[in-house]
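Colleague: Structure, please.
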Amino acid sequence: QVQLVESGGGLVQPGGSLRLSCVASGSIFSINTMGWYRQAPGNQRELIASVRRTGGATYEDFVQGRFTISRDNAKNTVYLQMNSLKPEDTAVYYCMQKIILRGQGLRSADYWGQGTQVTVSS
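Modeller: As a prediction, the model looks like this:
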């Protein structure tokens with residue numbers, strides 16, 4: 001019923017920038033919190049940043065000042081602008097959206113994108 005499609009990953013040199021996008025489609029009534037996570041090989045998936053429907057955002061310390069999360073509610077889209085990338089930022093990046101489906105009252109569920117690879121290397 002709902003599909004999340006990510007784009008924008010790739011290979012970038014240290015110090016470079018990338019912008020990730022994640023658009024949701026389907027029988028969507030409303031979307032609450034949106035977030036970005038990442039998972040490096042051998043590590044657990046970790047939260048990077050999240051943004052509430054009203055626009056308020058929170059960040060983990062390791063990306064504070066380098067990454068910016070934003071959303072476009074009209075487009076059901078969340079973005080992650082990543083600047084000053086470091087080799088340790090290399091991971092598969094996943095978006096998550098807490099979506100309320102049409103006809104489901106106010107109960108939301110977590111939906112995930114398929115992941116996009118970000119590689120930071122010279």
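Colleague: so residue 6 makes contact with residue 19?
Modeller: No - applying CB atoms under 8 Å as the test, residue 6 and residue 19 come out as separate, 11.4 Å apart. (C-beta placed from N, C-alpha, C; glycine too.)
Colleague: Who has more neighbours out of the two?
Modeller: residue 6 (21 against 14; other CB atoms under 10 Å).
Colleague: mind listing what the residue lying closest to residue 24 once chain neighbours are set aside touches?
Modeller: Of all residues not flanking residue 24 in the chain, residue 76 sits nearest, at 4.2 Å (CB to CB, 6 or more residues apart in numbering). Shown in contact with residue 76 (CB atoms under 8 Å, 6 or more residues apart in numbering): 23, 24, 25, 28, 31, 97.
Colleague: Mind listing the residues bridging to the residue nearest the centre of the chain?
Modeller: Nearest residue to the geometric centre of the chain (CA atoms, centre = their mean): residue 36, 2.9 Å. Beta-bridge partners for residue 36, by DSSP bridges, are residue 49, residue 95.
Colleague: I'd assumed residue 92 was in contact with it.
Modeller: No - between residue 36 and residue 92 there is no contact under CB under 8 Å: 11.3 Å.
Colleague: Now do the end-to-end distance for stretch 80-96.
Modeller: Stretch 80-96 has an end-to-end distance of 12 Å (CA to CA, to the nearest Å).
Colleague: Go through that stretch and flag the buried ones.
Modeller: 80, 82, 85, 89, 90, 91, 92, 93, 94, 95, 96 (16 or more other CB atoms under 10 Å).
Colleague: Out of the residues you listed, which comes closest to residue 40?
Modeller: Nearest to residue 40 out of the buried residues of stretch 80-96 is residue 91 (CB to CB; 4.1 Å).
Colleague: For that closest one, give me its contacts.
Modeller: By CB under 8 Å, 6+ apart, the contact list for residue 91 reads 38, 39, 40, 43, 117, 118.
Colleague: next one: residue 85
Modeller: 12, 14, 15, 16, 17, 18, 66, 118, 120.
Colleague: change it to 7 Å
Modeller: Taking CB atoms under 7 Å, 6 or more residues apart in numbering, we find residue 85 in contact with 12, 14, 15, 16, 17, 18, 120.
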